[in-house]
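J.: fold the following.
(one chain, ligands or ions: 1)
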Amino acid sequence: MANIWLDDAQARANAEIVALVDLDRKAAEQKVKERNLEVPVYTDLSLAIQETKATLVFDVTIPAAHKQVVSTALQSGCHVFGEKPMAESLTDADAIIQLTEATGKQYSVMQNRRYLKEIRTLQHLIDQQQLGDIHTLNVDFYLAPHFGGFREQMDHPLLVDMAIHTFDQARFLSQSNAVSVYCHAYNPTESWYEGKAAAVCIFEMENGAVFTYRGSWAAEGLRTSWNGDWRVIGTRGTATWDGFEQLEMETVQDANASSFFRDVQRQQVSNTWNGREQHHGCLDEMFTALESNRKAETDCHDNIHSLRMVFAAIESAKTNKKVYL
Ligand SMILES: NC(=O)c1ccc[n+]([C@@H]2O[C@H](COP(=O)([O-])OP(=O)(O)OC[C@H]3O[C@@H](n4cnc5c(N)ncnc54)[C@H](O)[C@@H]3O)[C@@H](O)[C@H]2O)c1
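T.: This next block holds a predicted model:
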């Protein structure tokens, strides 16, 4: 993951890489070599900040390290742009938010899957009321990645390490936070994960919409996109997005017609967003926000609402009960 962040920083006129930090010194040295960087390598973040006078830390460490890395960076006077999830627990995430307030520094979280032309276009057409009032969002997410490493040891790898993207996309599309969830999490037979690699969740959103999520990281065959396969239904019609480039919409022509099925019209959906995509788009927003002294779209104060969905889903899965956020 670090490579995309380094690509972005190396290409950016308003940023300069001053050091690489990794607990594993050899990993950082290897990156310096691969990328022809002429910067020092550290294993201690606070020392790195002190000696290089860095003002911004990119946190691309594993989820278990995020709280410690982000806290150290904020306390050392840096802003932080970090990989999702912002922390491994809500208590840690709340503590980080308090620290941003105490230090006056910003912490923005990578939610690259909001920065795709199809999802920006879909959100725009929802915002323009082209589907009427949105009441249903469904997504299917089925993949079978064999990562090895930390994900295969996590209790809830799909919910903690991946579903945050999809839950965040649902918040972005509906422009609404979740109020409750019922979740059943399970580990499919012969799964190569130790924890629960699959889940089905039903969320109710503040605006009354229902968002359903069916996902698995142990589903061989007929893979969906990493963005999931979406259906969004409103009072005037439906849009589908396959998570790749296929974005379609059908809306009712005459809502007062007396026919059994109302006539619908397939609408051409044209792209309405011209920003950069994925990590680069999210980093553009983070840098612009920092330079404009405003909070980024994925600032930690916003991102906590996506993280709350993750932890509420896990609590529901553990207790077999609907959980209110
Ligand atoms: N946004 C995305 O699409 C996306 C995709 C993949 C991974 N990620 C996220 O990126 C993060 C990293 O994932 P990865 O797969 O690249 O992990 P990785 O295990 O490949 O790399 C993590 C690196 O962090 C180092 N590290 C661990 N603890 C540290 C600490 N306390 N201080 C300094 N360095 C430390 C490790 O030595 C390792 O070099 C995770 O939070 C993951 O969820 C995001």
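J.: switch to C-alpha atoms for all contacts and neighbour counts from now on
T.: Fine.
J.: now the residue lying farthest from the centre of the chain: how far from V57?
T.: Of all residues in the chain, S258 has its C-alpha farthest from the mean position, at 43.2 Å, by CA atoms, centre = their mean. Distance, S258 to V57, by CA to CA, to the nearest Å: 61 Å.
J.: over to S225?
T.: Here S225 is placed at a distance of 30 Å from V57 (CA to CA).
J.: okay, these two: which has more neighbours?
T.: V57 (24 against 14; other CA atoms under 10 Å).
J.: so who does that one touch?
T.: A73, C78, H79, V80, F81, G82 (CA atoms under 8 Å, 6 or more residues apart in numbering).
J.: for the nearest residue to Y324 once chain neighbours are set aside, name its beta-bridge partners.
T.: Excluding the flanking residues, the one nearest Y324 by CA to CA, 6 or more residues apart in numbering is S180, at 4.2 Å. Beta-bridge pairing for S180 (DSSP bridges): E204, Y324.
J.: doesn't G208 make contact with S180?
T.: No - using CA atoms under 8 Å as the test, S180 is too far from G208 to be in contact (10.7 Å).
J.: which one's more surrounded, these two?
T.: The neighbour count for S180 versus G208, taken as other CA under 10 Å, is higher for S180 (19 against 15).
J.: contacts only, for that one.
T.: Going by CA under 8 Å, 6+ apart, S180 touches F203, E204, M205, A312, K322, V323, Y324, L325.
J.: which PyMOL command selects the buried ones in those?
T.: Under the burial definition 16 or more other CA atoms under 10 Å, those of the contacts of S180 that qualify are selected in PyMOL by:
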select buried, resi 203+204+205+312+322+323+324
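J.: let me have the contacts of S180 in CSV, extended by distance to T288.
T.: Listed next are those as CSV, based on distance: CA to CA, whole Å:
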residue, distance to T288
F203, 32
E204, 33
M205, 29
A312, 32
K322, 39
V323, 36
Y324, 35
L325, 31
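J.: longest helix anywhere in the chain?
T.: Criterion DSSP state H: the longest helix present in the chain is helix 300-319.
J.: just say helix, strand or coil for T136.
T.: strand (DSSP: H, G, I helix; E, B strand; the rest coil).
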